[in-house]
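*Asks:* Have a look at this prediction, sequence included:
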Amino acid sequence: MRSREPIGRIESRRAIDRSHCMMILKATVDARPGRSGPENSMNRWCRITLGGIVGAMLTVTIGCDESSQSNARVGGAARTTLVAGERVVSPALDEDRLKWGVYQILHGANRYAQNLDLESARLGARPDYVLFFRDLGRPYPFAVCQAVIDRGAIPVISLELHHWGGPRAGRLEAIVEGKYDPFFASFAESAAKSGHVVYYRFGFEMNGDWFGWGNQPELFKSAWRHVHAIFKEQGCDNVQWVWSANAISGPNTPQNGLEKYWPGDDCVDLIGLDGYNFGDGHSEWHTWIGFEEIFGPALEKIRESGVPHPVLISEFGCTHTPANRRAPWIRDAYRYLKGRPEVVGAIWFNFDKRREGEPNWRIDADAESLRAFRETFVGGADKHARRAETG
């Protein structure tokens, strides 16, 4: 689990920021109960107009409540606020800035906002994305998504295609047969009513052999298109579909290539890639590997394929030992991504999984790594904060 290969002539970070502005405006105006006639997903990348951008910015400005400490990025200098006793940066809109996010485990909706604030205080800034996981059968997480949105971030819902606590076998065939249609229709209706931009990672890492829904390309594509159609029927245009593959397929063979899992340009909004450095000694299958070694081949394949979608590094992490190698790995990752304009952001898997036989992925597992992450991925927000504080 977590090693990682997909497809893209991609749009720049500037294009995806404008697309999000359009989505915010669209969600505010159009996402109402009973709405019908969803547009083709590809149109969202084409309908980029100056009026839409300005309208979206005005919508975000009007919708901000200072008491909620929202950090909607509407341009200008960044704000700094006190969260959990620490100064936390809310970054300004910088269309060329590489955005960043973290995985925040969902232990309970009532504690989620507090836990997210604590993590933001440790990192020194609020993230642009917050990722968490759900399984089949659980309703749309209104409170959790709202907590993320109130802090100026985009929720990234990662759907595991099985039931937690039950058999680990995937449910692709049952999904295609329509047995989960009521669940997905209810989920989509609730998401549409929220009116906010949400990322949806349906059946992530489908090209790996560690999940029950993996290594079944034809069934996966059918399930994806089936559920995507349900969301469209519910008028759920504010949910953006993230086709999230492992950067290196497992097994890494031509028969299991990423293109085998592509469901079609018309039902994908972003391409996601997951990848991890487990380091030496974790297992016979893992050795220390650089960020570019993990993601470079997949990104080149995306560039060559011509699929017109932006890329999000939807999960990444590096083992916490040895600490003296981890901080340089983080800095190298940032430098590499800054040279890939098709990549719009990166989400660190911020969780200690040693009890499950994996490394401690937390960014604050050692002080040098935390410093490296703050000076690189979080650094763009820090620079804005300095400008704001010095006038």
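*Replies:* Ah, there it is.

*Asks:* quick one: contacts for L136?
*Replies:* L136 makes contact with L159, E160, L161, H162, H163, R171, Y180, F183 under the criterion Cβ atoms under 8 Å, 6 or more residues apart in numbering. Yep, even glycine has a C-beta here, placed from its N, CA and C like the rest.

*Asks:* so R126 makes contact with E119?
*Replies:* No. Using Cβ atoms under 8 Å, R126 is not in contact with E119, being 9.4 Å away.

*Asks:* who's more crowded, the two?
*Replies:* R126 (29 against 21; other Cβ atoms under 10 Å).

*Asks:* Please determine how far that one is located from L116.
*Replies:* 9 Å (Cβ to Cβ, to the nearest Å).

*Asks:* residues shared between the contacts of these two?
*Replies:* Common neighbours of R126 and L116, using Cβ under 8 Å, 6+ apart, are R151.

*Asks:* Stretch 304-317: how far from the chain's middle?
*Replies:* Centroid displacement of stretch 304-317 relative to its chain, using Cα atoms, centre = their mean, to the nearest Å, is 11 Å.

*Asks:* for the contacts of L136, which one is nearest A192?
*Replies:* Nearest to A192 among the contacts of L136, counting by Cβ to Cβ, is F183 at 15.1 Å.

*Asks:* Helix or strand for the residue nearest to that closest one when sequence neighbours are not counted, just tell me which one.
*Replies:* The spatially closest residue to F183, leaving aside those adjacent along the chain, is G137, at 6.1 Å (Cβ to Cβ, 6 or more residues apart in numbering). Counting by DSSP states H and E, there is no helix or strand that carries G137.

*Asks:* Can you check the pLDDT for G137?
*Replies:* Looking at G137, its pLDDT is 90.

*Asks:* Next: the one 10 residues further on.
*Replies:* We have a pLDDT of 96 for A147.

*Asks:* Neighbours of it, how many?
*Replies:* If you count neighbours by other Cβ under 10 Å, A147 ends up with 24.

*Asks:* My guess is it contacts R111. True?
*Replies:* No. Using Cβ under 8 Å, A147 is not in contact with R111; the gap is 9.8 Å.

*Asks:* pretty sure P155 is in a strand, no?
*Replies:* Yes. Assessed by DSSP: H, G, I helix; E, B strand; the rest coil, P155 belongs to a strand.

*Asks:* What distance do you get for it to R331?
*Replies:* 28 Å.

*Asks:* which of these two has more neighbours?
*Replies:* The neighbour comparison of P155 against R331 (other Cβ under 10 Å) goes to P155, with 24 against 18.

*Asks:* What's opposite that one in the beta bridge?
*Replies:* With DSSP bridges applied, P155 shows beta-bridge pairing to V130.

*Asks:* for the one 4 residues further on, same thing?
*Replies:* Note on L159: beta-bridge partners R134, F202, judged by DSSP bridges.

*Asks:* ok, now Q240?
*Replies:* Under the criterion used here (DSSP bridges), Q240 is bridged to Y199.

*Asks:* I'd like to know how many residues surround it.
*Replies:* Neighbour tally, Q240, other Cβ under 10 Å: 21.

*Asks:* you'd agree T319 is up against W329?
*Replies:* No. The criterion here is Cβ under 8 Å, and T319 misses it with W329 at 9.1 Å.

*Asks:* Neighbour count: the two, which is higher?
*Replies:* Neighbour count, other Cβ under 10 Å: between T319 and W329, T319 has more, with 23 against 19.

*Asks:* low-confidence ranges in this protein?
*Replies:* When residues are selected by pLDDT under 70, those of the chain lie in 1-95, 380-391.

*Asks:* can you map out the strands along it?
*Replies:* 79-83, 86-90, 99-103, 129-135, 154-160, 198-202, 239-246, 270-277, 311-318, 343-348 (DSSP state E).

*Asks:* so which of these is the most packed in?
*Replies:* Counting by mean count of other Cβ atoms under 10 Å, strand 311-318 has the highest mean neighbour count of those, with a mean of 28.

*Asks:* between that strand and strand 270-277, how big is the angle?
*Replies:* 20 degrees (axes from the mean of the first three to the mean of the last three Cα atoms, to 10 degrees).

*Asks:* Neighbouring strands of strand 311-318 in the sheet, and parallel or not?
*Replies:* strand 270-277 (parallel), strand 343-348 (parallel).

*Asks:* CA atoms only for the first one - export them in PDB, please.
*Replies:* What follows is strand 270-277, C-alpha atoms only, in PDB (Å, rounded to 0.1, in the frame of the first residue of the first chain):
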ATOM      1  CA  LEU A 270      -8.800  16.700 -11.900                       C
ATOM      2  CA  ILE A 271      -6.100  14.000 -12.100                       C
ATOM      3  CA  GLY A 272      -4.800  12.900  -8.700                       C
ATOM      4  CA  LEU A 273      -1.600  11.000  -8.000                       C
ATOM      5  CA  ASP A 274      -0.600   9.300  -4.800                       C
ATOM      6  CA  GLY A 275       3.000   8.300  -3.900                       C
ATOM      7  CA  TYR A 276       5.100   7.600  -0.800                       C
ATOM      8  CA  ASN A 277       8.700   7.000   0.100                       C
END
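
*Asks:* Compute the inter-axis angle for that strand and strand 198-202.
*Replies:* Using the same axes, to 10 degrees, strand 270-277 lies at 60 degrees relative to strand 198-202.

*Asks:* could you give the angle of strand 270-277 to strand 154-160?
*Replies:* Going by the same axes, to 10 degrees, strand 270-277 makes 70 degrees with strand 154-160.

*Asks:* how far is strand 270-277 from where the chain is centred?
*Replies:* 9 Å.

*Asks:* mind starting the numbering at 20 from now?
*Replies:* All right, first residue 20 from here; so that's strand 289-296.
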